[in-house]
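Chemist: Here's a sequence, model it:
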Amino acid sequence: MIFKKYYIYSLFISLTLGMGLGLAKQSLASTKAVNKQDMQQFIKEMTQQHNFKHDELQTLLGNARIHQSILDAISRPAEAKPWYKYRTIFLTQSRIKGGVKFWNDNALTLKKASQQYGVPAEIMVAIIGVETRYGRHKGGFPVIDSLATLAFAYPPRSKFFRSELKEFLLMTREEKIDPLKQMGSYAGAMGMPQFISSSFRNYAIDFDGDGYRDLWNNPADAIGSVANYFKRHGWKKDQPVVARVTTTGKEFKSLIGGKLKPNWTYRKLKKHGIEFKQKYPDQQKGILLELDSGTKQPEYWVGWQNFYVISRYNHSSRYSMAVYQLAQEILKRR
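Modeler: Reported below is the predicted structural model:
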């Protein structure tokens, strides 16, 4: 199998996340940390099911390197921080100013994507701002190393990352790009919007019509792909995202927690002591969020369908809230 190179990508080290390249001296083929039986089974499946050549995959994966810094990073995600600390990572003046500039630089593309997919410009800008500071920090790990490390040396999520490694190999073959040259995050997310391989294959689009889906260096493709991702996950045009609420009594506590998918109607939330600043349709569904404010009094919010859609990007209520609040600050500043 021959991989033809269409792009030469700049290599970025994500200083924000404090990861660096973290290259180890041992390849996956030589270290005891790797589940070699799983790796051989993976190669067999890719050969039989997807017509890859055994020897080429053996060489590709055998030469991939295990990164201890990847294993360290995945065990301490930022989403584990309390809300009042997590928000300070993203709600900064530099990120807000950067969002205004990115919006101004790509105003026509953002307008087109918003009209076509129904997603507000500020949400698309905020996603790219949270993920890579508008393309400045796209990740400093070879994606093949990240995915191989997590697929074969991280048992808690090895099944998921073996699936993403399969998607990555299929993606590079389909896009005719070199799997050794693609750079990304410690978890294998790529480009300005940090799509994992399965998301790239399913949701990335060629928004400017130049014949390539380039999420690394083409803002138009990145913007269009984010909008397409949100639309495909159920974004509702001109509908609310989240509402700050207050509480009375103790009944509301029974509604806190659970999955991020909205499951309580506005009427039920009201009956349980949730007080809103405005009225919503009685059957509109939301979830009740309790966020650590750093004080004795938590923050309470109700997230609607569009809040849930943001969480499909990263399954964390803190992440969705950071995207929303950054979007609002960028919108106000612009």
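
Chemist: Show me the helices in this protein, by range?
Modeler: 36-50, 54-63, 68-74, 83-90, 93-105, 107-117, 121-132, 143-153, 158-175, 197-203, 219-232, 266-271, 305-311, 317-333 (DSSP state H).

Chemist: winner for burial among these?
Modeler: helix 143-153 (a mean of 27; mean count of other CB atoms under 10 Å). Bear in mind the C-beta positions are built from the backbone N, C-alpha and C, glycine included.

Chemist: and that helix with helix 54-63, angle?
Modeler: 90 degrees (axes from the mean of the first three to the mean of the last three CA atoms, to 10 degrees).

Chemist: which outside residues touch helix 143-153?
Modeler: With contact meaning CB atoms under 8 Å, 6 or more residues apart in numbering, helix 143-153 is reached by 23, 28, 31, 33-36, 38-39, 42, 60-61, 64-67, 70-71, 74, 157-158, 161-162, 164-165, 168, 179-180, 182-188, 190, 197.

Chemist: Kindly report the same for stretch 74-84.
Modeler: Outside stretch 74-84, the residues that touch it by CB under 8 Å, 6+ apart are 17, 86, 89, 150, 154, 157, 186-187, 291-294, 299, 314, 316, 318-319, 321.

Chemist: Output the lowest mean pLDDT helix or strand found in the chain.
Modeler: Every helix and strand of the chain was ranked by mean pLDDT, DSSP states H and E. The lowest is helix 68-74, at a mean of 91.

Chemist: Report the distance from that helix to the chain centre.
Modeler: 18 Å (CA atoms, centre = their mean, to the nearest Å).

Chemist: so who does residue 293 touch?
Modeler: 83-84, 299.

Chemist: Ramachandran angles for it?
Modeler: Note on residue 293: backbone dihedrals following degrees, to the nearest 10 are phi -90, psi -10.

Chemist: now it: how far from residue 138?
Modeler: Relative to residue 138, residue 293 is positioned 32 Å away (CB to CB, to the nearest Å).

Chemist: For residue 282, which residues are in contact?
Modeler: Residue 282 neighbours (CB under 8 Å, 6+ apart): 265-267.

Chemist: who's in contact with the closest residue to residue 123 other than its chain neighbours?
Modeler: The shortest distance from residue 123 to any residue other than its chain neighbours is 5.1 Å, reached at residue 327 (CB to CB, 6 or more residues apart in numbering). Going by CB under 8 Å, 6+ apart, residue 327 touches 120, 122-123, 125-126.

Chemist: one more time with 7 Å
Modeler: 122-123, 125-126 (CB atoms under 7 Å, 6 or more residues apart in numbering).

Chemist: Now do it against residue 175, distance only.
Modeler: Counting by CB to CB - residue 327 and residue 175 are separated by 30 Å.

Chemist: Take the contacts of residue 327 and lay them out in CSV including pLDDT and distance to residue 275.
Modeler: Converted to CSV, these look like this (pLDDT from 0 to 100; distance: CB to CB, whole Å):
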residue, pLDDT, distance to residue 275
122, 98, 27
123, 98, 26
125, 98, 32
126, 98, 28
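
Chemist: Nearest to residue 235 among those?
Modeler: Distance to residue 235 across the contacts of residue 327 (CB to CB) is lowest for residue 123, with 8.5 Å.

Chemist: what separates the closest one from residue 50, distance-wise?
Modeler: 35 Å.
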